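A.B. asks: here is my input; please provide its structure:
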Amino acid sequence: MAMVAQHHRENSSGSISKHFDAGKYVRYTAEQVEALERVYSECPKPSSLRRQQLIRECPILSNIEPKQIKVWFQNRRCREKQRKESGRLQSVNRKLTAMNKLLMEENDRLQKQVSQLVCENGYMRNHLTPASGPTTDASCESAVTTPQLSLRDATNPAGLLSIAEETLTEFLSKATGTAVDWVQMPGMKPGPGSVGIFAISQSCSGVAARACGLVSLEPTKIVEILKDRPSWFRDCRILEVFTMFPAGNGGTIELLYTQTYAPTTLAPARDFWTLRYTTTLENGSFVVCERSLSGTGAGPSAAAASQFVRAEMFPSGYLIRPCDGGGSIIHIVDHFNLEAWSVPEVLRPLYESSKVVAQKITISALKYIRQIAQETSGEVVYSLGRQPAVLRTFSQRLSRGFNDAVNGFNDDGWSVLNCDGAEDVVVAINTAKNLNSGSNTLPLLGGVLCAKASMLLQNVPPAVLVRFLREHRSEWADFNVDAYAAAALKSTYAYPGMRPTRFTGSQIIMPLGHTIEHEEMLEVIRLEGHSLSHEDAFMSRDIHLLQMCSGIDENAVGACSELVFAPIDEMFPDDAQLLPSGFRIIPLDSKPGDLADKTLDLTSSLDVGPATSNNGKNAGAARSILTIAFQFSFESNLQENVASMARQYVRSVISSVQRVAMAISPSGLSPTVGSKLSPASPEALTLAHWICQSYSFHTGAELFATDSASSEAVLKTLWHHQDAILCCSLKAEPVFTFGNQAGLDMLETTLVSLQDITLDKIFDDSGRKALYSDFSKIMQQGFAHLPAGICMSTMGRHVSYEQAIVWKVFAAEESSVHCLAFSFVNWSFV
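C.D. replies: All right, here's what the predicted structure looks like:
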């Protein structure tokens, strides 16, 4: 019995030893670890054959089992994953700590503001009587009232230093104090995913906006970026430093002259004569503050500023504080008097709105810095091999070229041609404009001609209109005019009509890059065309455009929308010459909520009831100004012909835009018509009922479950269904007539634009074959299941789906088929 027990213990001991030998508890030498690390750096997850090869090639690993090598690589990958996750969490923790500090400071500032308002309210209650005259107590005066600074103070360094210190004090009181009654910017709620905290002035002289946020850049780099205003402020034409001298604390004082573009042809541009003070505070923070110096004659000569209205900048600037562990907290304040009296009354809301200042300057500055920070960290990857700096330069050149065309400054060489009797379109020429770029020259170039116009739009959401113009160029553009503009790049001038070309109607959008918030996109557009002449019928007449689109977010209050493009060669260099044309739509007096419920989809009929009849009145007050500018190069002997062509073309574009605006304007639809999909379609409630009823009839199952059987509940559930549900007509060339929210998202289109998409355009070859092979089955059986496949959105992006269900949708009676319905299950962008 003892011998059996002893034998059992020996077997157990051997088993344990064997477990430790072949298990994961192995102590590796330094040489073995070094050899394994070398392999890990090349291949973190080697195969079984690779591990066996490693043991054969490295003698120092010959005493280790392959299983132990496998366990070592598993542990190594686990440690690497933990290390990365730990680093990410530490970075997130640092950002949250800094953001928490920022929010606590904002809370303290708001508490001080509340206390101040309570004190002022008590003072007014105790001392204000009906018989009393106007009070002169300083405690009730706005702290932002900025006295005019005499020119005498600005004639010597001591006076300028005094002005600079006063500017610094007033700026800090706005940035971190209670000098201005700041209110939260509509639609810009702070949160974990927000860019920052944005506010606008409620009651102070002029217009003011404020922003604060966290950026992963060092303060010195941020100061360098913000001081270079033309690099991030698209409306800045010129910033000249006239004088610069050192001040105390290592700071500098500069006298600046700045010119800004006018956003439309109906208003003059603005210029500023300012003092800028850059210094460092005792706590290590950097400050760049700026204010206007008084005197309309200050700065450059009057002749140089003849086309400008002198505006005033109240104490504004940037406060940049370094954060522990890297990064910076930025406070931005912009405060202006834009002299609204100098523009037509209809445009004055544009110059009296703090929301517009916030979107164009304050928010743009913070977003630009965040964009630079992400590009520096390598988080942003662009397509087609272009560097981020090159793409930013392209966007800036497109914007600047369009602004130059809209403003037409005399010192740039622009002069206005005599009109043809009507003043709706202004035509200007510039014979001094240089389009040469590097080795690309245009011989015999007579100059550049610009036809431009501005018009008022009623109740047309700018974002919706720009999206339509971008996605449906054939609705407003003339391909022959595009061909003429493109021919100028190759020095092959031809008056439109000399080389007849057929435009196929197809445009392919190839993305180049976008900003981090997707508020601006840069892309290449290819327009497909073919010659109609026999001698070169097989030659491609494709045209390429470099295009910038911005402001397509309908929820951005006060933001303008732009679509600017320029013809380019197919293989355009980084210094390619650009002659931009395009559209700019600026909301004038939109109020929060006016346009929130006015889109091209069915959401307005889903979320509101019959009481929405009042929305037409409110939305009717929403106005915007549309500015159109098209540029063409010309030879001297063709100036009159090109001018006539350009004038008529812009009038044609205006007519097309007006037609589109009427089609998408919600104010033109009555409540009973508003829920219709198109003039030839049934009401949304009826169609939703048909879709669900037909699906149940054919498949024997419910499309979805609803809490209520009412038509409104069915429509709402269908609209928010996770699968993409689309309906197409049964015609010789089937087109889509309806899509739920997921369907519109999948095709990247709107409900109105959906009706221009044919069925064959979204499927690839295998998808079309599967559909055509099962078509007879669909018509006989009533439905069919298509296998997984790939389809294409209107933006050219590939979409995968696990399954597509197709069924016939009966009308009121089962004897007539209204359309085909498609349900794309578990779709996603590839």
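A.B. asks: next, the buried residues of the strand or helix carrying R400.
C.D. replies: Assessed by DSSP states H and E, R400 sits inside helix 388-407. Within helix 388-407, the residues that count as buried by 16 or more other C-beta atoms under 10 Å are 388, 391-392, 394-395, 397-407. C-beta: built from backbone N, CA, C; applies to glycine.
A.B. asks: what's in contact with it?
C.D. replies: The contact list for helix 388-407 (C-beta atoms under 8 Å, 6 or more residues apart in numbering) reads 231, 234-235, 237, 261-265, 269, 307, 375, 380, 382, 412, 450, 452, 512-513, 520, 522, 546, 548, 562, 564-566, 574, 578-582, 584, 627, 629, 631.
A.B. asks: buried ones among the residues you listed?
C.D. replies: Those of the contacts of helix 388-407 that meet the buried threshold are 231, 234-235, 237, 261-265, 269, 375, 380, 382, 450, 452, 512-513, 520, 522, 546, 548, 562, 564-566, 578-582, 584, 627, 629, 631, by 16+ other C-beta under 10 Å.
A.B. asks: identify those among these that sit within helices.
C.D. replies: 231, 375 (DSSP state H).
A.B. asks: just the ones of the buried ones among the contacts of helix 388-407 in strands?
C.D. replies: Mapping those onto strands (DSSP state E) picks out 237, 269, 450, 452, 512-513, 520, 522, 546, 548, 562, 564-566, 581-582, 584, 627, 629, 631.
A.B. asks: lowest-pLDDT helix or strand in this protein?
C.D. replies: In the chain, no helix or strand scores lower on mean pLDDT, DSSP states H and E than helix 671-674, which sits at a mean of 30.
A.B. asks: stretch 820-830: end-to-end distance?
C.D. replies: End-to-end distance for stretch 820-830: 26 Å, by C-alpha to C-alpha, to the nearest Å.
A.B. asks: go on, stretch 276-285?
C.D. replies: Note: stretch 276-285 ends 17 Å apart using C-alpha to C-alpha.
A.B. asks: just to revisit the earlier point, buried sites along the next helix or strand after the least confident helix or strand of the chain?
C.D. replies: Under the assignment DSSP H and E, the closest C-terminal helix or strand after helix 671-674 is helix 684-699. By neighbour count on 16+ other C-beta under 10 Å, the buried set for helix 684-699 is 684, 686-695, 698.
A.B. asks: how about stretch 41-54?
C.D. replies: 46, 51, 54.
A.B. asks: turn the residues you listed into TSV, including secondary structure, pLDDT and distance to I200.
C.D. replies: Converted to TSV, the buried residues of stretch 41-54 look like this (DSSP: H, G, I helix; E, B strand; the rest coil; pLDDT from 0 to 100; distance: C-beta to C-beta, whole Å):
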residue	secondary structure	pLDDT	distance to I200
P46	coil	85	59
R51	helix	83	63
L54	helix	83	64
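A.B. asks: backbone dihedrals for the closest residue to Q658 other than its chain neighbours, both of them.
C.D. replies: Nearest non-adjacent residue to Q658, counting by C-beta to C-beta, 6 or more residues apart in numbering: M455, 7.8 Å away. Reported as degrees, to the nearest 10, the phi and psi values for M455 are phi -150, psi 150.
A.B. asks: quick one, what contacts M455?
C.D. replies: M455 is in contact with 625-626, 628, 654, 658, counting by C-beta under 8 Å, 6+ apart.
A.B. asks: and if we set it to 10 Å?
C.D. replies: 264, 266, 424, 624-628, 654, 657-658, 661 (C-beta atoms under 10 Å, 6 or more residues apart in numbering).
A.B. asks: how much space separates it from I585?
C.D. replies: According to C-beta to C-beta, to the nearest Å, M455 and I585 sit 10 Å apart.
A.B. asks: can you check D569 too?
C.D. replies: 29 Å.
A.B. asks: neighbour count winner among these two?
C.D. replies: I585 (25 against 13; other C-beta atoms under 10 Å).
A.B. asks: isn't that one right next to V564, touching?
C.D. replies: No. Counting by C-beta atoms under 10 Å, I585 sits too far from V564 to count as a contact (11.9 Å).
A.B. asks: got any residues that touch both of M455 and I585?
C.D. replies: Joint contacts of M455 and I585 (C-beta under 10 Å, 6+ apart) are 624-628, 657, 661.
A.B. asks: how about CSV for those residues, with distance to V809 and pLDDT added?
C.D. replies: As requested, those are exported to CSV (distance: C-beta to C-beta, whole Å; pLDDT from 0 to 100):
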residue, distance to V809, pLDDT
S624, 38, 89
I625, 43, 91
L626, 39, 93
T627, 44, 94
I628, 42, 95
V657, 35, 89
A661, 32, 84
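A.B. asks: narrow these to those that are buried.
C.D. replies: By 16+ other C-beta under 10 Å, those give 624-628, 657, 661 as buried.
A.B. asks: how far does the helix or strand I654 falls within sit from the chain's center?
C.D. replies: According to DSSP H and E, I654 maps onto helix 639-664. Distance of helix 639-664 from the chain centroid (C-alpha atoms, centre = their mean, to the nearest Å) equals 27 Å.
A.B. asks: report the secondary structure state of the residue nearest to T376 when sequence neighbours are not counted.
C.D. replies: In space, and not counting its chain neighbours, T376 is closest to L217: 7.1 Å by C-beta to C-beta, 6+ apart. With DSSP: H, G, I helix; E, B strand; the rest coil as the basis, L217 sits in coil.
A.B. asks: tell me the pLDDT of the closest residue to N410 other than its chain neighbours.
C.D. replies: In this structure, N410 finds its nearest non-sequential neighbour in Q307, 6.4 Å apart by C-beta to C-beta, 6+ apart. pLDDT, Q307: 83.
A.B. asks: what's near enough to touch Q307?
C.D. replies: Taking C-beta under 10 Å, 6+ apart, one finds 259, 262, 268-269, 271, 407-411 in contact with Q307.
A.B. asks: can you tell me how far the spatially most central residue of the chain is from I363?
C.D. replies: For the chain, the residue nearest the mean C-alpha position is E519 (0.6 Å; C-alpha atoms, centre = their mean). Distance of E519 to I363, computed by C-beta to C-beta: 9 Å.
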